[in-house]
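Trainee: quick one, structure for this:
(chains A, B, C, D and E, ligands or ions: 4)
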Amino acid sequence: MNTAVGQSVKMRSGHHQDYTLIKFYVLLTLVGGLLLIAAFAHRLVPFDPYAQDLSKALQPPSSAHWLGTDRYGRDMLSRVMMGAQSTIFTSLLLVGIISIIGTWIGVVCGYIGGKIDTFIMRVSDVFLAFPGMVFAIAVAGVLGGGIMNAVIALACISWPKYARLARGQVLSVKTMPYIAAAKMSGSGTLKVIFKHIIPNIIGTILVTATLDIGTMIMELAGLSFLGLGAMPPTAEWGSMMSNGRSMLQTSPWVILAPGCAIFISVMLFNLFGDTVRDLLDPRIIQRRGKGNETI
Amino acid sequence: MQQSLLEMRHVEISYGGEPVVHDVNLVLKPGEILGVVGESGSGKSTLIKAAMGLLGNQGRITGGDILYKGNSLLHMKPEALRKMRGPEIAMVFQNCASSLCPIRRIGDQLFELMEQHNQRNREKVIDRALDLFEKMNLSDGRNILESYPFELSGGMNQRVGIVMAMMLKPALLFADEPTSALDVIVQAQVVKELMKLRDEFGTAIVIVTHNIGLVSYMADKAAVMYQGRLLEYGATKEIISNPQEAYTQRLIQAVPKIRRG
Amino acid sequence: MESVLEVKKINKSYMGRNRKVHAVKNVSFEIYEGECVGLVGESGCGKSTIAKMISRLESVDSGEIFLNGKDIADASGKTLREVYKSIQMVFQNPVESFNPRLKFGESIMEGMINHGVSRGEAKVKAGEYLKICGLPKEFAGRYPHQVSGGECQRASIARAIAVEPRLLICDEVTSALDVTVQAQIVKLMKELKEEMKMAYLFISHDIALVQEVCDRVLVMYNGQVIEDGSTDEIIQNPQNEYTKRLIDSIFEIAW
Amino acid sequence: DTTEKVFNYGTMAYGVAMGNAGLNPHEGYSGWSTVRYGVGETLFKFNASMELEPWLAKDYQQVNEYTVKINLRDDVFFSNGNKMTGEAVKVCLENLVTVHDRAPKDLQIKSIAAEGQSVTIVSENKVPGLVNYLADPYGAIIDMEAGVSEDKNVVGTGPYVAVKVSDTEIHLEANNKYWNGVPKVDKVNIKSISDGDTLTMALQSGEIDAAQGLPYASLKLFQNDDRYTISSTETSRVYQAALNYHSKMIQDSAVRKAMAMCTDKEGFTAVLLQGNGSPAVGPFPDNFKFGGNAVKEVPYDIEGAKEVLESAGWVDTDGDGIREKNGQKLSIDWLTYTSRQELPLLAESVQASYKKAGIEVKVNATDSYKDFLKAGKYDVFANAFVAAPTGDPQYYFTTHLVDGSDYNRGYYHNDKVEKWVEELRNEFDLNKRSNLAVKIVQQVLDDNAYIYASHLKMSFVMKKGITGFTAHPSDYYEITADLDKN
Amino acid sequence: MKKYIGRRLLQLIPIILGITFLSFALMQTAAGDAVDALYDNTSGGVSEQIKVEKRAELGLDKPFLVQYFNWLMDAVRGDMGVSYISKKQVFETFISKLPATIYLTLAAILVTVLVSIPLGILAAVKRNQFIDYFIRMMSFIGNSMPSFFISLLLIYVFALKLNILPVIGNSEGWKSIILPTLTLAIAMSSKYTRQVRAAVLEELNKDYVMGARARGIRESVIFYASVLKTAMLTIITLLALSIGSLLGGTAIIESIFMWDGVGKLAVDSITMRDYPMIQAYVIWMALIYVAVNLTTDILYHYLDPRIRILQEE
Ligand SMILES: Nc1ncnc2c1ncn2[C@@H]1O[C@H](COP(=O)(O)OP(=O)(O)OP(=O)(O)O)[C@@H](O)[C@H]1O
Ligand SMILES: Nc1ncnc2c1ncn2[C@@H]1O[C@H](COP(=O)(O)OP(=O)(O)OP(=O)(O)O)[C@@H](O)[C@H]1O
Ligand SMILES: [Mg+2]
Ligand SMILES: [Mg+2]
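Mentor: Numbers count the residues shown, from 1 in each chain, chains lettered A, B, ... in the order given. Ligands and ions are numbered 1, 2, ... in the order given. This is a model prediction of the structure:
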C-alpha cells in the first residue's frame, strides 16, 4: 500500500511541482532581494536615515525624496530601507530564537518523554493559556520598552508553539521503523536525534518559522504601537508607523511608506512560507492530487 | 447467449494527461465473478473507478466506452449515474471503515443510503439490514446499527460494507481488494460470504485482489493487468493452468504453495 | 547444536486505552545456529512485540532473553551495541524503515561505522552487500523514495546483514510487497540462509510462505505460543483448533 | 426654542492616567476636573494675564503675615440649593487639608474661623502665596454636607451639575440655580479620548463639538477651515530638561553650557510643535511679569558650543563624530517619557542637534521613567511641568531648585538660590517677589542647570457655532456659563 | 461525561497555579517595591516608618512563597489588591469593564464566524477556481496589515468620508460597536477563513467522501451531512484557539476606539505602571482563555464520538 502511495506521489505531483517551483523561485528572488536590501541598507540608503533637517520637514514625495520626508526632515525612503534592517532582522532573530529553543525543548520532551515531558508540557500549557499579545504586553510592560525587550516578550509566549510542534513531530517520527533501524545500527541517542530525527522534522519547523516571520513583524508593530517596541530614533517600521499615525490625513506618506513596507514583506514571507510548505510536504501535494479528484 | 451486464470496449484512461490504462476490453455477464489480478499500480482500481464514474477531475477516459446493460455509462448525466450507484452498481472498498463517515452511526448512514434511493420505510430497511447481517454471520445487527465505524473490528467493518453494498440488491458489485486488510481467517470468512451473495441474489462481482489463490477459488473469469494493459483475460482455470504471458507465469509461480504432504 | 537465542517466559503488557493489554504471555523458545524459525499467528497476537523485545526496542516486563548465553533482557548502552552486532532486524515496510533524508549507502554504512569500521571500508562493503542482495552498487547513491518497494526491501536486508549478525529477525518482510516481488525476496532469503549461516526468526501470517522458508514454526494465538514443531509436521498434522483454521483459510490455487 | 442644546466635548486631559478622574477636588488632581468642567469654583481665580481676581470671594485682607481674612459673596448657592456660607467654606477647606496630599504643605493652615460670610485663615508659617494657593483647583468649594458620592461626584457652585461621573466620561446638566448667569447649554458630555487620532477624527466626523489636546499634526486640518474655530493660549506648562549634577559628565560646566547652546528651540517649536508652542527662556512664559524675556539665556549656537567643548578638552580623537575626554565618550543618557507627545520629539530633536556638536544622546523614552529616576540612571531628565499653577513663582522654586525638593531631578544646588528662595518665602510684596524670581531664574540659567525648551500653547478646536469656549493660560477653566452652541 | 469533565477540571489546577504564580512572580519583579510604588503617586514624601509599617501590613516582609500563597488566598476571595493609580479595588474595576470587552469579543467572533465559515467553505469547494484565489488573496491581504492600520483606514472611510458610523466606542449604542468589531473581525477572519478552508479540504479528501459517492449519495447530502459535520469539529477547536488571540487583540483596538473595556484598561495600566491592574488583567484573561478552551474541549468531546466513546471506556 505504502509503496503505491510513494510512487503515486512522484507521478501525481509532477504537474503541481512545476507550478509550485516557479512560484517558489519567484518568491525566493523577492525574499532574497528584501533580505539583501535589509542587509545592505546602510550602504544603499540615499540619505542618512537619522540626519534631521527641520527645514525640510514633511515634504511630500518628490524626485529628491522619493517617499517624502518625516517631521524631522529625514528622508523616508532611507528610513524605510533602514527599517527593513531593524524590522526584518529583529523578526528573524526572534523567530530564530523561538524556533531553536522551542524545537530543542520539544525534541527533548518528545524523545525522552516521562516526567520531564509532562512537566515541560504543563509549563507550556501555562504559557499557552496567556492570550499571546496580552502576555507580550505584560512582559514588555514589565521590562519596559525597547526592541530587545519586545523580542524577549514575544519569545516568552511563542516558544511553546514550537515545542508543541516539534514534540508532536518527534513523537510520530520516533515510532517510524527507521528510528528502530538506526538504533539497531548501534547509534546512540544523540546520533539518532541529530541524524535521524531533526533532519526529518526540520522541514515542518522551517515552514512554520517562515510563516511566523510575517506574524512577528506584525506583533512587533503592535507592540510598537503601544510604545513598547523600538525606541526613537530607530528606524523600525512598526514604530515609524505608529509615530506617523497622526499624519495620515496631513502627510499620508509618513505612515503609508512603512505601512506598505510591512504589508509587502509580511505578504512575501507568508506566500513564501506557503509555497515552501507545498514544496516540502509531500502529503499536501498528494492531497492536492486527490483533491482534484473529489471536487 | 445471455445479454452482457458490463462491457468495456477499448477503454483508455489517463490522469492529468498521463495515460495509465490502455485498450481494455472486458465483458461481464449477470451473476458472473471476475477476478482481476496484477502488479501494484497497473490500473486495477482505476478501471473500477472509471466504471463507477468516480475518476475525479484529474482522471479522464480518453477513449473507448463502458456499457452497462447496453447503455454507455460515459454519456450518462451525473445525476442519472448517481442514481445507478447503489441500486444497480455497488462497491466494496479495501478499507470499509474509512469509506464511512467516522462520526455518524452506521445505522444513520444506512438510512441515508436508502433514503437517497427512495426507500424511506425505516422498518423495512432495518429488517432487511438485520437479515443481511445475519447472512454475513454478524449476529448482533441492531447493535451494529447503533455503532460508529471505529467501534467495529476490521472484519466486521468489511462485512458492514458488503451489507451496505447489497442493501439495494445491485446487479453488479465491484470489490477493490476487499480482504487485503484482513486477517487470513477473517479473510476466508468474508470471501465465503461474498460467494453466498452471488448464489442468493445473482449479483455479478468484479473482485480486485493480489491473491491468486483467492481468484482461483471464487472467480469464473480472471483478468491479469500489467502496466495499464489487460495482459490476459479468460476463464480462470484456463489462465491458471495455462498462462500465456511471462508476467502471468511469474505471478502464478510466485504464489507460495502449501505442502500438505 | 548451539543455541543462538533462548527466550524464557517473557511477558509484556501495554496500557491500551484505559485497559491493560497482555500482548505476550509467558513465551519461551530457542533458536539454534543456522536454523530458521517461523512465527505465525493472526494480526495482533503479539508477534511483533516478541521481535521488538528480542531486539531490545521494547522493554521486557518479566522473563529472560539469552543471546549467545548472555542475558540481554536489560542490556543498555555498550552491551546493547554488542547485542546489535549479533541481532539485526528487517522491517515490514521497507520504505519507512529508511530515513528518507539519507541515501541507502549512508544508512547501510551507519551500522558498520558504529561498530568501528572505517568510513572508506564501510563504503566499499556497503556496495558489496547491495550486490549480494541483488542490487547494483550504484543504489548506494539513491534515496528510498527513488526505488521500488522490492528494491527497497533488498536494501534493507543488505543493511541488516552488513554487520554479519548471528540472528536476523524478519517481521513480515514481504507483506507490503507485490506477489511477484515477494517471491524474489523469499528467494533471496533462502540464498542468504545458505551462504551466511545466519539464524532467522521469520515472522509472517502467511503459513505457506513460512513453510517455504522455515525449518520450524511457532504458532501464536492471543499472546501465547500454542504450537511448536517442524513446519511440515504442523501443517500436515495441526493439533490445535486455531492452527487448523489458520491452515484451512489459505486459498490454494485449484489446479 | 425647545430643542436641547448638547455640547459634546472630547479631551485628552481627563482620566485615571491624568490622575484627575472623578470630581472630588480633595483627591489628587481631580480638582482640575471639578473646576475645568464648571462643577466647582474656587474663592479666587486668574485672569487672562494670570493675575488673581476674586471669584466666590468678594475680597480679602492680609491681617498680618500669618492671618488672612476672606469675605465671601452673599449670593452663591450650591447646586443642591444650600447656601455657600463661611461655615461651609470652613468645613470644605478643613476637609481639604486633612485629606489632600499637596494642600496641607502648600497652605500650612493652623486654623480656620468662620463668621457669617467670611472666613479667617491662620497659617503655621508665613505663606505669602496663600491666596494664590486657594485659587488652585483643589481649593474648589464643595458642599461637604452633601459630601462625596460613591462615584466621586460632588456638589459645587458652578454652572453645571454632574449627573454621571466615571473614569472616562462625565455627563453634565445646566445648574438652574447658578449664581452668576444662566448656562446657555443644557447638557455637556465630557469624554476622555486618550488617542490623538481618534480625537481628531471624532471631531471631523462631528461626534464631538470641541476637542482639547489634538496632536499638532492634526491641528493643520482645522486651521484654515472655516467650519472650525481654534482658541489658543500660551500656558505655563514648560518642557524642561534637568541636568543631573550627580553625573560626572554633567558636572563639567562646559558640557552643560554646550548643551544649552545646542538646543534648537526655534526649530523644535516651529517645526516639530508646528507653532503650537513658543521657545522658552526660563520656566515662566511671557504673560507673567517675571517670565519671558525678563531673563537672558545663551543663544542657539552650535559653532560656539563646539568651541566651548574644544577649549574644555572635549575633542573627537577617534573620528567617530563624538567627542572624548580622558577616554570617556561625550555620551548623554536622556531620560524622558512618552505620555506627553512633545517629549519624545524634543529628545529626537536634541539628539540630532547635539550630534552636530559632537555630543551623543541616548534617548530612553519610557513610561517606567520613575524606576530610572530612582536608580539615578540618567544624565538628563526631560519632562513637562506646569511651572506656575498658582500664578506665583515660589511653587516652581520650592519644588525644583532647592535642596531636597521633590522634583529637583538634577540635584541642583546653589547657595545663592537657596538664600533667595528663603527670602521669597517671607516676602509679601508682589514687586519684590517678582524681582527675586527673576534673579533666581537667571542664576539657574547661568549655571545651565535646566534647559527650558518651550512653553506649551494649548488649543481648543471647536465647531464654528461654539462660543464662550476659550483656552485659558492657567489651563483651569474650560466649561463656563458663557459656553454656547448655535 | 461527568467523569471526563471532572478529570479536565482536575487537570486545570496545575495550570491555574502556574498562571497565577507566573503572573505573580512577573509583577513582583516588575513592580519592585510595592509600597514605594503605592506612595510614588502621592507627591508628598512618606516617611520610611510609614512604609515599613505598610509593608508589614501587606505582608511584604514575608518570604516570596508565603507572599504568593497569601496573595492567592486573597485573590480567590476576589481581593486582587488596590490600583496604584486610582486606589480602587482592582478586581472591581476589572469586572466593571469586562462586559464591554466580552460584548466586543462576541460581536467580533460572530462576524468572523458569519464571514469566514461560508467563505472558507466556498473556497474549499471551489478550490483552485477564481473565487478560491480571490478569497485566499483577500485573506492574505487582511493578514498582512497591522490592526491599528486597518482601524485607521476603516475610520477614515466610514466615519470621515461616508460619515455613517461613529468613531468613538460606547457612544451611539449598537452603531459604535461596528467599527471596532470590523477591525477585529478582518484580522481574525483572514486567518480563520484559511483554516476553515484547509479543514474542509482535508475532509473532502477523506475516503468516506468517495465511499458516499460510490453509494450514490447526492453531493449536497454528502457535504452537509458528513463533510461539514466532521469539519465543524476542527473548525470549533480552531475558533476556540482564535478566541485567545482575539482576547489579546482587543487591547489595541479598544484603545483606538475608546472602547471602555479591559483591553484599554490594560494598555492604560501599562503606561501608568499600574502593576496590580496589569496582573489582574493577565490572570483573568488567561483564566477566561482556559475556560473557553475547557468548554470547547468538552463540546468537542461531546460532539466527536471517536473521542467520546474511546475516552469514556
Ligand atoms: N488521482 C490520480 N492522479 C494521478 N495518477 C493517479 C491517480 N490515481 C492513480 N494514479 C496512477 O494511476 C496508476 C494506476 O493506479 P491504480 O490505483 O489504478 O493501480 P492499482 O492497480 O489499483 O494498484 P494497487 O494494487 O496498488 O491498488 C498508478 O500509476 C497511479 O500512480
Ligand atoms: N505501543 C503499544 N501500545 C499499546 N498497545 C500495543 C503497542 N504495541 C502493540 N500493542 C498491542 O499489543 C498486541 C500485540 O501487538 P503486536 O504488534 O505484537 O501484534 P502482531 O502479532 O505483530 O500483529 P500484526 O500481525 O498486525 O503485526 C496488540 O493487541 C496491540 O494492540
Ligand atoms: Mg488499487
Ligand atoms: Mg506485527
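Trainee: can you pull the contacts of B:A171?
Mentor: Counting by CB atoms under 8 Å, 6 or more residues apart in numbering or on different chains, B:A171 touches B:L5, B:P30, B:K69, B:E88, B:I89, B:G202, B:T203, B:A204. For glycine as for every other residue, the C-beta is placed from the backbone atoms N, C-alpha and C.
Trainee: kindly apply the preceding question to D:D333 instead.
Mentor: Per CB under 8 Å, 6+ apart, neighbours of D:D333: D:K362, D:N364, D:K377, D:Y378, D:D379, D:V380.
Trainee: what about 10 Å?
Mentor: Applying CB atoms under 10 Å, 6 or more residues apart in numbering or on different chains, one finds that D:D333 lies in contact with D:244, D:247, D:249, D:360-364, D:372, D:377-381.
Trainee: do you know the pLDDT at it?
Mentor: pLDDT, D:D333: 93.
Trainee: okay, now the residue in chain D that ligand 2 sits nearest to: neighbour count?
Mentor: Closest approach of chain D to ligand 2 (CB to the nearest ligand atom) occurs at D:S368, with a separation of 53.2 Å. Neighbour count of D:S368, defined by other CB atoms under 10 Å in any protein chain shown: 20.
Trainee: E:L184 versus the closest residue to ligand 2 within the stretch 151-300 of chain E, what's the distance?
Mentor: Across the stretch 151-300 of chain E, the shortest distance to ligand 2 (CB to the nearest ligand atom) belongs to E:D207, at 20.5 Å. E:D207 sits 38 Å away from E:L184, going by CB to CB, to the nearest Å.
Trainee: ok, D:T480 next?
Mentor: Using CB to CB, D:T480 is found at 40 Å from E:L184.
Trainee: so which of the two has more stuff around it?
Mentor: Just comparing D:T480 and E:L184: by other CB under 10 Å the higher neighbour count belongs to E:L184, 26 against 21.
Trainee: circling back: from the contacts of D:D333, list just the buried residues.
Mentor: Buried members of these, scored by 16 or more other CB atoms under 10 Å in any protein chain shown, are D:N244, D:S247, D:M249, D:E360, D:V361, D:V363, D:N364, D:F372, D:Y378, D:D379, D:V380, D:F381.
Trainee: now tabulate these in JSON lines and tack on secondary structure, pLDDT and distance to ligand 1.
Mentor: Formatted as JSON lines, those follow (DSSP: H, G, I helix; E, B strand; the rest coil; pLDDT from 0 to 100; distance: CB to the nearest ligand atom, whole Å):
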{"residue": "D:N244", "secondary structure": "coil", "pLDDT": "94", "distance to ligand 1": "75"}
{"residue": "D:S247", "secondary structure": "coil", "pLDDT": "91", "distance to ligand 1": "75"}
{"residue": "D:M249", "secondary structure": "helix", "pLDDT": "90", "distance to ligand 1": "75"}
{"residue": "D:E360", "secondary structure": "strand", "pLDDT": "91", "distance to ligand 1": "66"}
{"residue": "D:V361", "secondary structure": "strand", "pLDDT": "91", "distance to ligand 1": "66"}
{"residue": "D:V363", "secondary structure": "strand", "pLDDT": "87", "distance to ligand 1": "62"}
{"residue": "D:N364", "secondary structure": "strand", "pLDDT": "85", "distance to ligand 1": "62"}
{"residue": "D:F372", "secondary structure": "helix", "pLDDT": "84", "distance to ligand 1": "66"}
{"residue": "D:Y378", "secondary structure": "coil", "pLDDT": "92", "distance to ligand 1": "69"}
{"residue": "D:D379", "secondary structure": "coil", "pLDDT": "94", "distance to ligand 1": "72"}
{"residue": "D:V380", "secondary structure": "strand", "pLDDT": "95", "distance to ligand 1": "71"}
{"residue": "D:F381", "secondary structure": "strand", "pLDDT": "95", "distance to ligand 1": "71"}
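Trainee: in those, find the pair that's most separated.
Mentor: Across the buried ones among the contacts of D:D333, the longest distance by CB to CB is 18.1 Å; it joins D:E360 and D:F372.
Trainee: quick one: the residue of the stretch 251-400 of chain D found nearest chain A from D:A258, how far?
Mentor: At 3.7 Å from chain A, D:A352 is the closest residue in the stretch 251-400 of chain D, using CB to the nearest CB. As judged by CB to CB, D:A352 and D:A258 stand 15 Å apart.
Trainee: and for A:I37?
Mentor: 38 Å.
Trainee: neighbour count winner among those two?
Mentor: Between A:I37 and D:A258, counted using other CB under 10 Å, D:A258 has the larger neighbour count: 29 against 18.
Trainee: where's the spatially closest residue to D:G158 that is not a sequence neighbour, which helix or strand?
Mentor: Nearest residue to D:G158, sequence neighbours excluded (CB to CB, 6 or more residues apart in numbering or on different chains): D:G38, at 4.3 Å. Under the criterion DSSP states H and E, no helix or strand holds D:G38.
Trainee: which residues does D:G38 contact?
Mentor: D:G38 makes contact with D:156-162, D:172, D:174-175, D:178, D:183, D:185, D:188, D:190, D:477-483, according to CB under 10 Å, 6+ apart.
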